[in-house]
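Q: Could you work out the structure for the sequence below:
(chains A and B)
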Amino acid sequence: MTDTITTTTTQGVVLTDVAAAKVKSLMASEGRDDLVLRIAVQPGGCSGLRYQLELDDRSFDGDVVTEFSGVKVAVDKMSAPYLSGAEIDFADTISSQGFTIDNPNAQSSCACGDSFH
Amino acid sequence: MRVLVVATRLADLGPAEAGAAIGAAWADLGHQVAVVPFGTGGAGLVDAVGAIPGAVVLTPAPGASSATLGRDLAAVSETGTILVDLTGDCPDDGGAGLLATPGGLDALAGRSLVGVVTEEELEAPFLGVRGVAARRAYASGTPDIGAALAGDAALTRLAADLGLPDPPPGAGAGNGLALGILALGGVVRTGPQAIGELVGIEKSLAAADLVVLVTDVLDFGGAGIAEARAAAAWAEQALVPCIAIARQVQISGRELRTFGVESAYELGDDIAAGAVRIAVTWNW
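A: Presented below is the predicted three-dimensional model:
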């Protein structure tokens, strides 16, 4: 008998099942199935860095692409070091709705939740 | 008592004149006074360095290429210390035009070349998420990761071509023009650091009992604040008090004390009389 060991990597970005389902529905609403969810870090915001999340049909040299439940998540090579182990989830509650990013690399974040350091 | 007066422009007086005018009040009380002209960038830096022999400030013309700066550097290559003011709107070619100056810049060998940057840009990275290309791409208002990556790749090649494949902190200052200064063997400093090194401020600080900042306006909106921070840092280094004297003071004593200035005094219309009024209260 062969044991199958499943490990969870924390080297790249992790997309939860709930978030993957939401991304699929967004792509379906656009009538596309060739897009990737691109997450990037950009300078700006009151804490110095902020996230950029978009559906993208481009690929760039050095992209790190990981697939979760049929959804491809792309991280560019500049942003990758800042997003190692980050988990993208989707919240749909009375108090909040939208994608959330839990990033272990963030030393602090702004009260608006939009930027981090 | 020995008083170190660090002075920017005051009303229509240049830094050296302003420092002498205020310093005279302490000198008349029998104290020793040293005046250091002072500026953080722009016209204030040009004014200050203009009063220091053996040094010159060049201000890069804004635009796509730093080639003009290269020609300007070649023209002043006989000067002992050359400061390049990177606090304004600088060319964004990373110094490529500068390094391609016809005839080369070998004449700069042995000269002291200093890129003067703001305090905020002293550690500015050249590459990466916080680098020049990323800041430029995202400052455009229409964030595009593709443009940021392409720009960063081009700057990575440029840095390697200039012999700095791993650009040090500060190389991203002045729209990335600091890289060109570093590639020429220069250093990156703030205005106060550069002037401090030029005049040998360490020796004056070691002897000082009081640091007096002279500036035109000191307000909570930013005017004179960088100068006050730098003067207070010098005073802290010497473990002596720092006071500020300005034509207009629009900041509270509580805020000033948060960065080390004991008190700020507003001069009246008569600068000499105002200086005497303040000097007699800081007199031992």
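
Q: which residues in chain A form helices?
A: A:17-29, A:80-83 (DSSP state H).

Q: closest to residue A:69 out of those helices?
A: Residue A:69 lies closest to helix A:17-29 among the helices of chain A, at 4.0 Å (Cβ to Cβ). From N, CA and C alone the C-beta is placed, and that goes for glycine too.

Q: what comes into contact with that closest one?
A: Helix A:17-29 has contacts (Cβ atoms under 8 Å, 6 or more residues apart in numbering or on different chains) with A:15, A:33, A:35, A:37, A:55, A:68-71, A:88-90, A:99.

Q: Just the C-alphas of it, formatted as PDB.
A: Output of helix A:17-29 as PDB, limited to C-alpha atoms (Å, rounded to 0.1, in the frame of the first residue of the first chain):
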ATOM      1  CA  ASP A  17     -12.200  27.200  -1.700                       C
ATOM      2  CA  VAL A  18     -14.600  30.000  -1.000                       C
ATOM      3  CA  ALA A  19     -12.500  32.500  -2.800                       C
ATOM      4  CA  ALA A  20     -11.800  30.200  -5.700                       C
ATOM      5  CA  ALA A  21     -15.600  29.700  -6.200                       C
ATOM      6  CA  LYS A  22     -16.100  33.500  -6.200                       C
ATOM      7  CA  VAL A  23     -13.300  34.000  -8.700                       C
ATOM      8  CA  LYS A  24     -14.900  31.300 -10.900                       C
ATOM      9  CA  SER A  25     -18.300  33.100 -10.800                       C
ATOM     10  CA  LEU A  26     -16.700  36.400 -11.600                       C
ATOM     11  CA  MET A  27     -14.900  34.800 -14.700                       C
ATOM     12  CA  ALA A  28     -18.200  33.200 -15.700                       C
ATOM     13  CA  SER A  29     -20.000  36.500 -15.500                       C
END
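
Q: Alongside chain B, which residues does chain A contribute?
A: Selection of chain A residues close to chain B by Cβ under 8 Å from any Cβ of the partner chain yields A:38, A:40-44, A:48-49, A:52, A:58, A:60-62, A:76-79, A:82.

Q: If any of the contacts of helix A:17-29 are buried, put those into a ChimeraX selection.
A: In ChimeraX, this line selects whichever of the contacts of helix A:17-29 come out buried by 16 or more other Cβ atoms under 10 Å in any protein chain shown:
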select /A:15,35,37,68,71,88,89,90,99
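
Q: Turn the contacts of helix A:17-29 into CSV, columns for pLDDT.
A: Formatted as CSV, the contacts of helix A:17-29 follow (pLDDT from 0 to 100):
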residue, pLDDT
A:15, 92
A:33, 83
A:35, 92
A:37, 93
A:55, 92
A:68, 92
A:69, 90
A:70, 89
A:71, 92
A:88, 90
A:89, 90
A:90, 91
A:99, 89
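
Q: related to what we said a few turns ago, deepest in the core, which of the helices of chain A is it.
A: helix A:80-83 (a mean of 18; mean count of other Cβ atoms under 10 Å in any protein chain shown).

Q: tell me the contacts of residue 41?
A: Chain wasn't specified; assuming chain A. Here residue A:41 is in contact with A:49-52, A:78-79, A:82-83, B:129 (Cβ under 8 Å, 6+ apart).

Q: The intended chain is chain B.
A: B:85, B:87-88, B:116-118, B:191.

Q: Filter these down to just the ones in strands.
A: B:85, B:116-117 (DSSP state E).

Q: what does the longest helix along chain B contact?
A: Longest helix of chain B, by residue count under DSSP H: helix B:145-161. Residues from elsewhere that reach helix B:145-161 (Cβ under 8 Å, 6+ apart): A:38, A:40, A:42, A:52, A:58, A:60-62, A:76-79, B:94, B:96, B:126-128, B:131-134, B:136-138, B:140, B:165-167, B:171, B:176, B:179.

Q: do stretch A:79-91 as well
A: So stretch A:79-91 is in contact with A:10-16, A:18-19, A:21-22, A:37, A:39-41, A:49, A:53, A:64, A:73, A:75, A:97-105, B:129, B:145, going by Cβ under 8 Å, 6+ apart.

Q: Quick check: end-to-end length of it?
A: End-to-end distance for stretch A:79-91: 23 Å, by Cα to Cα, to the nearest Å.

Q: Likewise for stretch A:83-101?
A: 10 Å.

Q: tell me the contacts of the nearest residue to residue B:51 once chain neighbours are set aside?
A: Spatially, and ignoring its direct neighbours in sequence, residue B:51 is nearest to residue B:16 (3.8 Å; Cβ to Cβ, 6 or more residues apart in numbering or on different chains). Contacts for residue B:16 (Cβ under 8 Å, 6+ apart) come out as B:7, B:35, B:37, B:51.

Q: between the residues you listed, which has the most around it?
A: Neighbour counts for the contacts of residue B:16 (other Cβ atoms under 10 Å in any protein chain shown) peak at residue B:7, which has 31 neighbours.
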